[in-house]
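Student: Build me a model from this:
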Amino acid sequence: MSLWFSGSAVVPALTREWQLSPSQISWIANAVQLGFVAGTLISATLNLPDIISTRHLFAVSAFLGAIGNVVFGLYVHDPSTAILLRFLTGVCLAGVYPPGMKIMATWFRERRGMALGVLVGALTMGKATPYLVNALGSANWRNNIFFVSVLAAIGGLIVLFFVDDGPYALQRAKFDLSQIVKVFSNRGVRLASFGYFGHMWELYGMWIWIPVMIRSSLAIQHADPELAEVGSFIVIGAGAVGCVVAGLIADRVGRTLVTSWAMAISGTCCLVIGLLYGGNPVLLLIVAAIWGATVVADSAQFSSCVTELGDPQYIGTALTIQMCVGFLLTTVSIELVPKIDNWRYAFMILAPGPLFGVISMMRLRRLPEAVKIAHGKR
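Tutor: Residues are numbered from 1 along each chain as shown. From the prediction side, this is the model:
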């Protein structure tokens with residue numbers, strides 16, 4: 001998943017080299033989101049995660065994504081081609097993330113929240129990695145893109161040769177186009193998905209733009225530019241810890257409570273982070289790290305709810321549809337944040353997402369079907 005932000009991480013270098021406009025900067029970020037939406041839509045419509053080998057889908061998608069990223073890094077010299085390749089990278093990553101979720105779910109029943117939390121934590125660390133590579137790697141952004149692509153290919157090899165479906169895997173399903181509708185006819189899955197949609201409204205708006213805000217704020221303080229890159233890695237990477245901790249707690253006290261608390265804290269951070277812009281860098285990074293830890297901590301628990309409430313035969317399709325709609329929403333919030341031309345208030349537009357998510361998860365908690373979540377812990 002280090003491919004995801006490999007383009008966004010090198011935007012400062014691309015801006016200097018290609019004289020990017022603000023619109024082109026947004027498109028380099030949003031192209032991956034739109035590609036992922038297109039990929040998940042195709043995958044869900046064809047039931048790909050449920051009718052073919054999940055690990056083969058994962059590995060092939062990782063390899064193709066790495067190849068597209070290498071082409072972007074080594075041979076592209078204009079923003080239009082870069083945006084196209086970022087879109088295709090997003091399409092490929094649709095064959096990595098949902099299948100990875102399904103594989104993990106086949107290995108766990110009792111501790112599924114923890115297991116998926118670890119998986120999303122790994123995903124989060126992968127997405128943060130390009131910023132660390134930027135800080136410690138080559139001054140030439142193309143070399144850094146190539147290195148990140150190698151990491152993605154290694155990930156595909158690990159799954160291809162060292163990972164199998166777990167003991168709770170079912171036989172491959174038959175193609176069923178009606179599953180797209182059936183997923184949301186399930187009331188429990190629908191509310192869990194609504195919670196996920198509120199979470200996604202906030203998540204990528206934060207992940208895409210918080211490094212830009214940190215760079216700008218630290219520049220006002222004349223801080224070392226490398227501190228902004230390392231700080232961005234820490235802030236986004238803090239989500240890995242948040243995911244694991246939230247998974248451990250959710251298996252014990254319930255998923256609806258953990259997701260609601262995580263969204264309440266991250267939503268509060270949306271409202272206050274801008275007030276620290278241009279101020280003490282240490283305080284800014286501490287609050288940003290709290291936001292980074294909580295903004296994604298709940299992500300795996302929404303997916304866990306879907307695996308527990310949905311049709312076991314079509315878990316892969318249900319997860320893929322949920323992600324398709326969620327990532328489509330992110331393209332809107334990513335565009336809206338920079339429209340507010342003041343970092344003190346820009347992130348406030350993300351706060352309605354977690355509020356909607358909390359309401360949805362509290363409604364889910366009151367449903368009779370919720371006894372299926374976390375073995376009765378809701």
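Student: packing partners for the helix or strand hosting residue 267?
Tutor: Residue 267 is part of helix 255-272, with elements assigned from DSSP states H and E. On a contact count with 3 or more C-beta pairs under 8 Å, 6 or more residues apart in numbering; DSSP states H and E, helix 255-272 meets helix 187-220, helix 225-253, helix 281-295, helix 299-309, helix 352-365. For glycine as for every other residue, the C-beta is placed from the backbone atoms N, C-alpha and C.
Student: got these as JSON lines, with mean pLDDT and distance to residue 51 columns?
Tutor: As requested, the helices and strands packed on helix 255-272 are exported to JSON lines (pLDDT from 0 to 100; distance: least, C-beta to C-beta, whole Å):
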{"stretch": "helix 187-220", "mean pLDDT": "88", "distance to residue 51": "20"}
{"stretch": "helix 225-253", "mean pLDDT": "86", "distance to residue 51": "29"}
{"stretch": "helix 281-295", "mean pLDDT": "92", "distance to residue 51": "34"}
{"stretch": "helix 299-309", "mean pLDDT": "80", "distance to residue 51": "18"}
{"stretch": "helix 352-365", "mean pLDDT": "90", "distance to residue 51": "29"}
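Student: tell me the contacts of residue 84?
Tutor: By C-beta atoms under 8 Å, 6 or more residues apart in numbering, the residues touching residue 84 are residue 31.
Student: Next, it: phi, psi?
Tutor: Main-chain dihedrals, residue 84, degrees, to the nearest 10: phi -60, psi -40.
Student: measure it to residue 35 for me?
Tutor: 9 Å (C-beta to C-beta, to the nearest Å).
Student: what would the helices and strands packed on helix 255-272 look like in JSON lines with distance to residue 98 and mean neighbour count?
Tutor: Formatted as JSON lines, those follow (distance: least, C-beta to C-beta, whole Å; neighbours: other C-beta atoms under 10 Å):
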{"stretch": "helix 187-220", "distance to residue 98": "13", "mean neighbour count": "23"}
{"stretch": "helix 225-253", "distance to residue 98": "16", "mean neighbour count": "22"}
{"stretch": "helix 281-295", "distance to residue 98": "20", "mean neighbour count": "21"}
{"stretch": "helix 299-309", "distance to residue 98": "9", "mean neighbour count": "28"}
{"stretch": "helix 352-365", "distance to residue 98": "20", "mean neighbour count": "22"}
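Student: any weak-confidence spans in the stretch 51-200 of the chain?
Tutor: For the stretch 51-200 of the chain, residues meeting the criterion pLDDT under 70 lie at 169-185.
Student: Mind jotting down where the helices sit in it?
Tutor: For the stretch 51-200 of the chain, the helices defined by DSSP state H, counting those that start in this stretch occupy 54-75, 79-93, 97-105, 112-136, 141-162, 179-185, 187-220.
Student: just these: most buried one?
Tutor: Comparing those by mean neighbour count (mean count of other C-beta atoms under 10 Å), helix 97-105 ranks first with a mean of 26.
Student: Okay, angle between it and helix 141-162 too, please.
Tutor: 40 degrees (axes from the mean of the first three to the mean of the last three C-alpha atoms, to 10 degrees).
Student: which residues are in contact with helix 97-105?
Tutor: Here helix 97-105 has contacts from 1, 36, 40, 43, 49-50, 54-55, 57-58, 61, 112, 115-116, 118-119, 123, 159, 163, 165-166, 168, 303-304, 307, 315-316, 319-320, 323, using C-beta under 8 Å, 6+ apart.
Student: switch the cut-off to 7 Å
Tutor: 40, 43, 49, 54-55, 57-58, 112, 115-116, 119, 123, 163, 165, 303, 307, 315-316, 319-320, 323 (C-beta atoms under 7 Å, 6 or more residues apart in numbering).
Student: Same question for stretch 357-371.
Tutor: 187-188, 191-192, 194-195, 198-199, 256, 259-260, 263-264, 309, 378.
Student: from what I can see residue 59 touches residue 161, true?
Tutor: No: using C-beta atoms under 7 Å, residue 59 is not in contact with residue 161, being 8.7 Å away.
Student: Nearest to residue 337, out of the helices of the stretch 51-200 of the chain?
Tutor: Residue 337 lies closest, by C-beta to C-beta, to one member of those: helix 187-220, at 4.9 Å.
Student: any chance of the helices and strands packed on helix 255-272 in TSV, with distance to residue 342 too?
Tutor: Output for those, formatted as TSV (distance: least, C-beta to C-beta, whole Å):
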stretch	distance to residue 342
helix 187-220	11
helix 225-253	19
helix 281-295	16
helix 299-309	29
helix 352-365	18
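Student: among those, which is nearest residue 136?
Tutor: helix 225-253 (8.3 Å).
Student: re the thing from before, kindly reformat the helices of the stretch 51-200 of the chain as JSON lines containing distance to residue 345.
Tutor: Formatted as JSON lines, the helices of the stretch 51-200 of the chain follow (distance: least, C-beta to C-beta, whole Å):
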{"stretch": "helix 54-75", "distance to residue 345": "34"}
{"stretch": "helix 79-93", "distance to residue 345": "28"}
{"stretch": "helix 97-105", "distance to residue 345": "32"}
{"stretch": "helix 112-136", "distance to residue 345": "25"}
{"stretch": "helix 141-162", "distance to residue 345": "31"}
{"stretch": "helix 179-185", "distance to residue 345": "34"}
{"stretch": "helix 187-220", "distance to residue 345": "12"}
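Student: To residue 22, which of these lies closest?
Tutor: helix 187-220 (10.5 Å).
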